[in-house]
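*Asks:* The following comprises the amino acid sequence and a computationally predicted model.
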Amino acid sequence: MSTSDSHEDAADGHRPRLTVIGTGYLGATHAVCMAELGFEVLGVDVDQSKIERLSAGEIPFYEPDLADLLRANLASGRLRFTTSFEEIAEFGDVHFVCVGTPQRADGYGADLSHLNSAVERLAPLLRRPCLVVGKSTVPAGTAAGIARTLARLAPANHPTGAASATPGAAVLAATGTNGRAQAATPDAAGQGGTVDVDIVRELGGVQLAWNPEFLREGFAVADTLHPDRLVFGVASPAAEGALRSAFAPVIAQGVPVIVTDYATAELVKTAANSFLATKISFINAMAEVCEAVDADVLTLAEALSHDVRIGGNFLRPGVGFGGGCLPKDIRAFQARADELGVGAALRFLREIDGINDRRRDRVVELVAAALDGTLAHRRLLVLGAAFKPNSDDVRDSPALAVADLLTRTGAEVTVVDPVATHNARRALPQVTYSESVDEVAAGADAVVLLTEWRQFAELDPVRLGQLVRRRVVVDARHALDGDRWRQAGWVYLAPGRPTGVIPSPVPEQRPWAVGPDAAGSDGVTPVRDQSIAGIETSVGRPS
Ligand SMILES: NC(=O)C1=CN([C@@H]2O[C@H](COP(=O)(O)OP(=O)(O)OC[C@H]3O[C@@H](n4cnc5c(N)ncnc54)[C@H](O)[C@@H]3O)[C@@H](O)[C@H]2O)C=CC1
Ligand SMILES: O=C(O)[C@H]1O[C@H](OP(=O)(O)OP(=O)(O)OC[C@H]2O[C@@H](n3ccc(=O)[nH]c3=O)[C@H](O)[C@@H]2O)[C@H](O)[C@@H](O)[C@@H]1O
């Protein structure tokens, strides 16, 4: 991907200067892409090694296209990284907060400690008008609290130096200049022309906006440069104007901008991820029913997808959803709804989560059924560790969760993944990893495909069939051409598809609850509550 024409505008003095706080999957991508769009950008993180790697032109995770853009924009001088909050406070007109909001260790709720600590560190250093923009995914009501913190702690909101604990002071400080900001902003920004930083001065102090992010890992660059919508949660026209100036090149593409209040902006994000999770669990629930009558969920999904009211996106059945967002976001949403007294409205998300979990068990059942009900001491080649292809992210990865379940039955599991094994080794050390499909295939009793990497989908069943001990493949992502594999002599099984040979599971009787030769006196039945180190999965959930 080439850098854009907007490079010529670099440092033209008319665009707001941007900072990005937290340079993980979201923040690093945002920093690089905003520099690519022509802004001067300074990224900060508390993780010094991450900052060193980014400064050296190295992306600390796997994301297609991002490394080239990082290096080009470092070279242009528009993009820099630091560990100094003093430096970013001095530099920035618009500060994007992109720190993590993981699931709390003690429940479903979101852990906001990183967010609170970033804001509390930044706020006392903000001595001139600027806009703080939350991009992290947060429970509804969080932004209002952050606005109060900024109002209390940012010196720019207390020109006389007097501390204030007045809720909303940041907004109040700025609304005095609303009229001018309103007149100055939308058109200039909307047309993508250069935008004078006076728009930022119109803020009158430190203000907050909430701007949730919708990028997908694996497509993060394209999603950031060409999003399908922008959502601006603001409390004043001046904040909207400043945000429009920070997104001027994107808005100029005709991307829709939805301007709303904080709470609605926060909810758009969690509602979107809940809807996506619901779609996936819906089709996986259909897979469960298909299994009971030996029907075909792929054909069913295809037939549904032709109805434009339903559509085919996010209707791929398989081993379920994972990653650093969908699972923790639907749980945090439930927790917040409970706190708000509307828990009943989101109770269905518990079922969405439950359907998702059962898919992991079902894959184990299929492997066991294909191996005569016994998994202990079976040698299994697991294809995939990442939660999806084109990512090295193993947070709540269904692939690793299944690898863990298989290991607990006493099977000898070796996992191959093109880019994620370094993360997987840390998250699930009790499993063996390899870089070579061929090496592990030699002597394998079954192949289990759990992440649909292209290179796995393109494996030659004839050649692989000559290496393995038994030609058994479980295609948990429907990535393989089942007919081709069967023709090459394989027993091919996939969840939700007719097996012809595998009876539907009897709920109370799990074939993989193995017999006396398995590790453990009573056989090792995978236990949902046991933790998979470092993976935020079904692990540690409150009952
Ligand atoms: N990963 C994704 O694709 C997307 C993530 N999100 C949301 O964005 C947020 C960040 O997610 P990821 O980037 O995946 O997480 P991440 O864990 O990859 O990155 C978070 C970064 O914040 C840094 N950090 C933590 N505390 C800090 C502090 N006090 N000051 C400065 N930096 C600090 C961490 O060192 C880390 O580098 C989450 O709320 C997530 O839900 C939203 C859309 C997409
Ligand atoms: O909030 C976030 O962080 C992001 O979460 C998801 O993006 P991401 O987690 O990168 O991945 P998805 O493409 O949504 O896939 C999530 C999981 O669902 C699975 N999936 C997806 C689609 C499908 O049809 N079936 C299915 O099982 C994937 O394999 C993966 O494990 C959303 O798609 C993004 O819009 C959002 O910004």
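*Replies:* Structure's in. What do you need? Ligands and ions are numbered 1, 2, ... in the order given.

*Asks:* okay, CA-based contacts and neighbour counts for the rest of this
*Replies:* Fine.

*Asks:* what about the strands in the stretch 251-400 of the chain?
*Replies:* Taking DSSP state E, counting those that start in this stretch to define them, one finds strands in the stretch 251-400 of the chain at 257-260, 379-383.

*Asks:* hey, where'd the strands end up in the stretch 51-200 of the chain?
*Replies:* Applying DSSP E, counting those that start in this stretch to the stretch 51-200 of the chain gives strands spanning 79-82, 94-97, 130-134.

*Asks:* so which of those strands gets nearest residue 268?
*Replies:* strand 130-134 (13.7 Å; Cα to Cα).

*Asks:* Could you list the residues in contact with the closest one?
*Replies:* The contact list for strand 130-134 (Cα atoms under 8 Å, 6 or more residues apart in numbering) reads 92-98, 143, 200-201, 203, 205-212, 239, 242-243.

*Asks:* now with 7 Å?
*Replies:* 93-98, 200, 203, 205-211, 239 (Cα atoms under 7 Å, 6 or more residues apart in numbering).

*Asks:* ok, now stretch 385-393?
*Replies:* Outside stretch 385-393, the residues that reach it (Cα under 7 Å, 6+ apart) are 61-64, 217-218, 322-323, 394, 397-400, 415, 417, 419-421, 424, 451-453.

*Asks:* just to revisit the earlier point, which residue in the contacts of strand 130-134 has the weakest pLDDT?
*Replies:* In terms of pLDDT, the lowest of those is residue 200, showing 80.

*Asks:* residues near the residue lying closest to it once chain neighbours are set aside, how many?
*Replies:* Closest residue to residue 200 in three dimensions, ignoring its sequence neighbours and counting by Cα to Cα, 6 or more residues apart in numbering: residue 242, at 5.4 Å. A total of 31 residues lie near residue 242 under the criterion other Cα atoms under 10 Å.

*Asks:* name the element residue 242 belongs to?
*Replies:* helix 237-246 (DSSP states H and E).

*Asks:* by contact count, what packs against that helix?
*Replies:* Secondary-structure packing of helix 237-246 (3 or more Cα pairs under 7 Å, 6 or more residues apart in numbering; DSSP states H and E): helix 178-184, helix 186-190, helix 198-201.

*Asks:* could you give the angle of it to strand 130-134?
*Replies:* With axes from the mean of the first three to the mean of the last three Cα atoms, to 10 degrees as the basis, helix 237-246 and strand 130-134 are set at 80 degrees to each other.

*Asks:* what comes up buried for helix 237-246?
*Replies:* Buried residues in helix 237-246, counted by 16 or more other Cα atoms under 10 Å: 237-246.

*Asks:* Need those residues in a markdown table (columns: distance to residue 230).
*Replies:* Below are these laid out as a markdown table (distance: Cα to Cα, whole Å):
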| residue | distance to residue 230 |
| --- | --- |
| 237 | 16 |
| 238 | 17 |
| 239 | 14 |
| 240 | 12 |
| 241 | 14 |
| 242 | 14 |
| 243 | 10 |
| 244 | 10 |
| 245 | 13 |
| 246 | 12 |
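
*Asks:* returning to that earlier point: check what pLDDT the residue nearest to residue 200 gets.
*Replies:* pLDDT, residue 242: 96.

*Asks:* from what I can see it touches residue 199, true?
*Replies:* Yes: Residue 242 lies in contact with residue 199 (Cα atoms under 7 Å); the separation is 5.8 Å.

*Asks:* Can you name the residue of the stretch 351-500 of the chain that approaches ligand 1 most closely?
*Replies:* At 8.6 Å from ligand 1, residue 393 is the closest residue in the stretch 351-500 of the chain, using Cα to the nearest ligand atom.

*Asks:* so how many other residues sit close to that residue?
*Replies:* Residues lying near residue 393 (other Cα under 10 Å) number 26.

*Asks:* any idea how far residue 56 is from it?
*Replies:* Relative to residue 56, residue 393 is positioned 22 Å away (Cα to Cα, to the nearest Å).

*Asks:* cool, residue 316 as well?
*Replies:* In this view, residue 316 and residue 56 are 39 Å apart by Cα to Cα.

*Asks:* So for these two, which sits in the more crowded spot?
*Replies:* The neighbour comparison of residue 316 against residue 56 (other Cα under 10 Å) goes to residue 316, with 20 against 13.

*Asks:* residues in contact with the more buried one?
*Replies:* Applying Cα under 7 Å, 6+ apart, the residues contacting residue 316 are residue 280.

*Asks:* Can you check the pLDDT for it?
*Replies:* For residue 316, pLDDT reads 97.

*Asks:* please renumber so the chain begins at 36
*Replies:* Understood, numbering begins at 36; the last thing we discussed is residue 351.

*Asks:* Next, it: phi, psi?
*Replies:* phi -90, psi 120 (degrees, to the nearest 10).

*Asks:* so how far is ligand 1 from it?
*Replies:* 19 Å (Cα to the nearest ligand atom, to the nearest Å).

*Asks:* what do you get for residue 138?
*Replies:* Applying Cα to the nearest ligand atom, the value for residue 138 to ligand 1 is 10 Å.

*Asks:* Identify the residues contacting that residue.
*Replies:* Residue 138 touches 144-146, 363, counting by Cα under 7 Å, 6+ apart.

*Asks:* Surely residue 61 is in contact with residue 133?
*Replies:* Yes: using Cα under 7 Å, residue 61 is in contact with residue 133, at 6.4 Å.

*Asks:* Have a look at the two and say which one is more surrounded.
*Replies:* Neighbour tally, residue 61 and residue 133, criterion other Cα under 10 Å: the higher count belongs to residue 133, 28 against 23.

*Asks:* got the residues of this structure near ligand 2?
*Replies:* Within the chain, the residues that sit near ligand 2 (Cα under 6 Å from any ligand atom) are 248-252, 315, 349-353, 355-358, 360-361, 422-423.

*Asks:* Buried only: go through those residues for me.
*Replies:* Buried members of these, scored by 16+ other Cα under 10 Å, are 248-250, 252, 315, 349-353, 355-358, 360-361, 422-423.

*Asks:* The longest helix seen in the chain packs against which elements?
*Replies:* The single longest helix within the chain, with elements called by DSSP state H, is helix 297-328. Helix 297-328 sits against strand 265-268, helix 332-340, helix 361-374, helix 383-405, with contacts defined as 3+ Cα pairs under 7 Å, 6+ apart.
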